[in-house]
Structure formats: structure tokens, C-alpha cells
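In: Build me a model:
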Amino acid sequence: MNDTARAIKFFYLYFKKYKLQFLVIAIFVIAATYLQVKAPVIMGDAITHLTNYVGNFFTHQHAPEAIKALKKIAAGAVSSQDALQHIATQLSQATGHTIGWKSLTDSNVPAQVLSSLPKGTTIHSLQQMAAMPHDWHQLTNSNVPASIWSSLPHGTTINTLHSVAVSNPASKLTFFKSMWLLLAFYVMTGVAQLLYTILFTRIVGHSTNRMRKGLFGKLERLTIAYFDRHEDGDILARFTSDLDNIQNTLNQAAVNVTTNFALFVGVLIMIFRQNVSLAWVTVSTTPVAVLCAVIIITQAKKYTDRQQAEVGTLNAYMDEKISGQKAIIVEGQQQDAIDGFTVRNDKVQKSTFAAQAWSGMIMPVMNGFQLLTTALVIFVGTKLVLNDSTMSTATALGLIVTFIQYAQQYYNPIMQISSSFGQLQLAITGATRLNVMFDEPEEVRPENGETFKEVGDGIQIEHVDFGYLPDQHILKDVNIDVKKGQMVALVGPTGSGKTTV
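Out: Sure, this is the predicted structure:
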């Protein structure tokens, strides 16, 4: 079983009783995630409404001029019909036959009548003008002669004049509605995050308290062999450094990783629902980013494990030297103790530097990928949406703003999870070290064993060979004969078997 699996097993044993609390936490996490991933959409809508407001504001400023121009064109239709009616009346009087104005053409009207028309005006052009609607509201590109368009400013059509003329006054209501909704989303997100943080912190406090009690209880049941194989400082480090790392990680990194993973999944779903093309642009840099993260995390794990091992060794050395400080002073071994400390402390310093350097590298690397992704969304995304004829400019601008927000949200979870890996690795290492201790065999207490009450004539040991491990004997052919009341001192270096005797 690898370290991660052992750590998961360890945490499950302490967290399984809080299933209901974790369900409530999950509900709040999902709610907060939804609010966070929906907020950029509302922001994009707000930008769209603001763009429409600005456009409508300036468009409506020209509505009177557009109405005046359309009324002039419609009035031209009326005047053209009147002119044709006048010509038809004259011809009817001259010929004695009733002639309708609609039947007039350039070919059946006398030349002297045509010459009396304004320069450039023909019966055909008058008929075209007279056929136009007399109500300016009904004028369109299709029922207005092309000759009329030529008199309009470049790029202006009857339809554009009509849209300006009937444009509504600009309203900021929809924009403010979106902004108030966005504010409500942010407030609700903060409330949800506060609630699940409080719940998780409470669970962590109770769980680590049980870990500490369980660890101390296990310590009291361990065999002497365990204490012989492990130095006191290393055992103490499990109560201090390892447990502190677990508690800090659970309070900080665990919540951070959980919520950011949920946010990452939510962002992926939302971006592909909004626009598939821009979604692929957003995730295009992910493979390279993941590869870099794997390399950095692998190195960080290696040096974090080494760091914890070196810290345990240093703590054991310090405990031994502090306990025997009087003897060190008497024997004049201060410099040797300092030299030994320096060597071990240098190893801690080097492993700590390497672990922190690799762990700290992940944040700037991921930040660089985030900036690259944002740039891609701006440049490539702008080209894609602005060339989409089915999308208005205001909608396209809102979509770009939405995906700029998503580009930041997309990499932010990766950055947060990656930056928390150092803490997670410390917790995994600590949980593994504690789990190893919990897996150690306990001292056997025979139910029918004889209880040692007092010393008789003395204590005698003859030809004793003993070792905690089969291939490592601590005592070899030891003979001791101590009479009752006699005091005997056992002197020797650490590991020579004094405690065992």
C-alpha cells in the first residue's frame, strides 16, 4: 500500500462518523460553486446591456432627424401623386376622355408636358415615387426607389433610418438589474463559503483531538522493541510536527482543494454550455500546464518526504543531547555535539529549501499559463465572435468579457490546488508516519501471568542473549548478579542495551 492510500485509510477512520456533516458541507460547496460559475454569465449580460444602452442612447439622439427625413420621402410620394393627377386631368380635358394617373407613362404623355417637368424628372420616376407608402412608418428598402437612396448619406438606407426613427429611449434598468443580481450572487457565495468553512473547521478540531488521544493511547501499549528501534525525538515529532501538519492542512489546504476542484468542474461545464469554440480556446493550454504540474509535484513530494525524515532525525539528536547535556559538559564534548547538530541541521536546511522551492514554483508557472490563456481568449476569441454574423456586437462583447472571467476562473483552481500540494504532501507524510505507528504490534499482557511484587534475595541473569529483531542482538551472553539492596550502575552508549536490561 503506497503512502497516499495509507493516508486515505487513516483519514477515513477518523472522518467516517461525520458523514451527515460532510453531506451538508457538500451542499454548501455545490451552491457556492454554482454561484461562482454563474457570476461571469451575469457579468457578460451586464456588459451586453450596458453596450446596448450606450448604443440606444446615441441612436435615439438622431431619431428626430430620421423621422424628418422619412416624412420628407413620404411627402414626396404624395407630391408625385398630385403631379401625376394634375397631368392626367389636363390630358383628360384636352382629349375629352377620362385618363387615370396610374396609366400615365413616358410614351403616352406629350413631349411638351414632359418638357415642363423639373430637370431629370420623368413620368416613370413620378410613378415610382407615387407608388411609395404615404405613411413614413411603412417605408422600407424594398418599396422606395433606388434613386432616393442616392440622396441619403453614404451607408444609410431606408431601413436604418426607420430603425433610428422608431428607436426607444435608452434605459439602464436591465443593466442595473444584472448588477444587483451579480451583487446578490457574490453575497450568497460568501455566506455559503463561511458556513462550510465553519463546519469543516469544527470537524477538523474534533478529529485531530481524537487523533492525538489515539496516538498517545497507542504509545502506552507499544512494545519495548518499538522504543528501542525509534529515537525519542522521532516519536515526539509525530505528536508535534506531524499532527500539526495534519491539522493545518485540513483547516486550510483540504477545504481549498475540495472547493477549487468543484469550481474547476463547474467552470468546465459552463464554458462548453456558453460557447464551444471559445471553450476549446480556454482549455487549449491545459495539457502543457498539467505536464509541468506533474513534474513539479513529483519533485516536491520527494523532497518533502526527505524533509520530514531529516526533521525527525534532528529532533531525536536534539532530545538525546539535551537529556545528556550535563554529561556532555563534564566530558567536554560540547564541540562534538555542535558539530553533530550542524551536520543534521544542514541536511534539514537543504531538504527544506528543495521542498519549498519546488512547492513554491507551481504558483508562478500556473499564473503564467493563466495569463497566456487570457490573452488567447481575448485575441482568438474576439476574432471568432466578431466574425459570427448571427451575433450582435453587444452580445459578442458580453461573451468575450464572460470568457475572460472564465479564463481566470479556469486556471485559478489549478493554481490553488497546485499551491496547496506542499501542505497536502506534509499531511500525507504525517498521516503515513502516524499510521505506521498505529500498525505496530502492542505489548502482550498474559491474563494468567505471574505478577512481580518484590525482589527476594536479589536478581540474577545468566548467559542471556536477546534482540528485538531476529538478526540484531542487543544483549550477548550477559551475566549479572545483584544482591538485594546492592546498587549497580549500567554504563554504555545509546543502543547498547541499558534500557533492555
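In: Which parts of this protein are strands?
Out: Listed in chain order, the strands of the chain (DSSP state E) span 458-466, 475-483.
In: Tabulate the ones you listed (JSON lines), appending mean neighbour count and mean pLDDT.
Out: Bear in mind the C-beta positions are built from the backbone N, C-alpha and C, glycine included. JSON lines is the format used below for the strands of the chain (neighbours: other C-beta atoms under 10 Å; pLDDT from 0 to 100):
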{"stretch": "strand 458-466", "mean neighbour count": "11", "mean pLDDT": "79"}
{"stretch": "strand 475-483", "mean neighbour count": "12", "mean pLDDT": "81"}
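In: In CSV, list these along with distance to residue 62.
Out: Shown next, in CSV, are the strands of the chain (distance: least, C-beta to C-beta, whole Å):
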stretch, distance to residue 62
strand 458-466, 104
strand 475-483, 105
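In: For the protein, identify the residue most remote from the centre.
Out: Outermost residue of the chain with respect to the C-alpha centroid, by C-alpha atoms, centre = their mean, is residue 96; its distance is 90.4 Å.
In: can you pull the contacts of the residue most central in space within the chain?
Out: In the chain, the C-alpha nearest the mean C-alpha coordinate belongs to residue 413, at 2.5 Å (C-alpha atoms, centre = their mean). Applying C-beta atoms under 8 Å, 6 or more residues apart in numbering to residue 413 gives the contacts 260, 261, 263, 264, 267.
In: do that again at 10 Å, thanks
Out: Contact analysis of residue 413 by C-beta atoms under 10 Å, 6 or more residues apart in numbering lists 33, 256-257, 259-268, 366.
In: Repeat that for residue 104.
Out: Taking C-beta under 10 Å, 6+ apart, we find residue 104 in contact with 84, 85, 87, 88, 91, 113, 123, 124, 126, 127, 130.
In: Name the member of those residues with the most neighbours.
Out: residue 126 (23 neighbours; other C-beta atoms under 10 Å).
In: Which residue comes closest to that one once chain neighbours are left out?
Out: Distances taken as C-beta to C-beta, 6 or more residues apart in numbering put residue 80 closest to residue 126, at 4.7 Å, once the chain neighbours are dropped.
In: how many neighbours does that neighbour have?
Out: Residue 80 has 20 neighbours, counted by other C-beta under 10 Å.
In: Tell me, what's the model's pLDDT at residue 181?
Out: Per-residue confidence (pLDDT) for residue 181: 90.
In: any idea how far it is from residue 188?
Out: Computed as C-beta to C-beta, to the nearest Å, the residue 181 to residue 188 distance reads 11 Å.
In: go on, residue 127?
Out: Look at residue 127 and residue 188: by C-beta to C-beta, they are 67 Å apart.
In: same deal with residue 8?
Out: Applying C-beta to C-beta to residue 8 and residue 188 gives a distance of 33 Å.
In: What of residue 214?
Out: Distance, residue 214 to residue 188, using C-beta to C-beta: 39 Å.
In: Repeat that for residue 357.
Out: To residue 188, residue 357 is 40 Å away according to C-beta to C-beta.
In: now residue 427
Out: According to C-beta to C-beta, residue 427 stands 31 Å off from residue 188.
In: Which residue of those two possesses the greater neighbour count?
Out: Legend: neighbour count by other C-beta under 10 Å for residue 427 and residue 188, higher for residue 427 (23 against 14).
In: Is it correct that the more buried one is in contact with residue 246?
Out: Yes. In this structure, residue 427 is within contact of residue 246 by C-beta atoms under 10 Å, at 5.0 Å.
In: shared neighbours of the two, anything?
Out: Residues touching both residue 427 and residue 246 by C-beta under 10 Å, 6+ apart: 7, 10, 11, 254.
In: The third one reaches residue 203, doesn't it?
Out: No. Counting by C-beta under 10 Å, no contact exists between residue 11 and residue 203, whose distance comes to 11.1 Å.
In: okay, and the common contacts of the two?
Out: By C-beta under 10 Å, 6+ apart, residue 11 and residue 203 have these common neighbours: residue 250.
In: who's in contact with the nearest residue to residue 71 once chain neighbours are set aside?
Out: Spatially, and ignoring its direct neighbours in sequence, residue 71 is nearest to residue 136 (5.0 Å; C-beta to C-beta, 6+ apart). Counting by C-beta under 10 Å, 6+ apart, residue 136 touches 66-75, 77, 158, 161-162, 165.
In: distance of residue 136 from residue 11?
Out: 76 Å.
In: likewise residue 244?
Out: Taken as C-beta to C-beta, the span from residue 244 to residue 11 is 16 Å.
In: out of those two, which sits in the more crowded spot?
Out: residue 11 (19 against 14).
In: which residue packs closest to the more buried one, ignoring adjacent ones?
Out: residue 431 (6.4 Å).
In: Go ahead and confirm that neighbour touches residue 207.
Out: No. With contact defined as C-beta under 10 Å, residue 431 does not reach residue 207; the gap is 11.5 Å.
In: Pick out whichever of the two has more residues nearby.
Out: Each of residue 431 and residue 207 has its neighbours counted (other C-beta under 10 Å); residue 431 has more, 25 against 19.
In: Compute the distance between that one and residue 80, please.
Out: 93 Å.
In: Next: residue 30.
Out: 69 Å.
In: so who does residue 43 touch?
Out: Neighbour list for residue 43: 178, 179, 182, 185, 398, 401, 402, 404, 405 [criterion: C-beta under 10 Å, 6+ apart].
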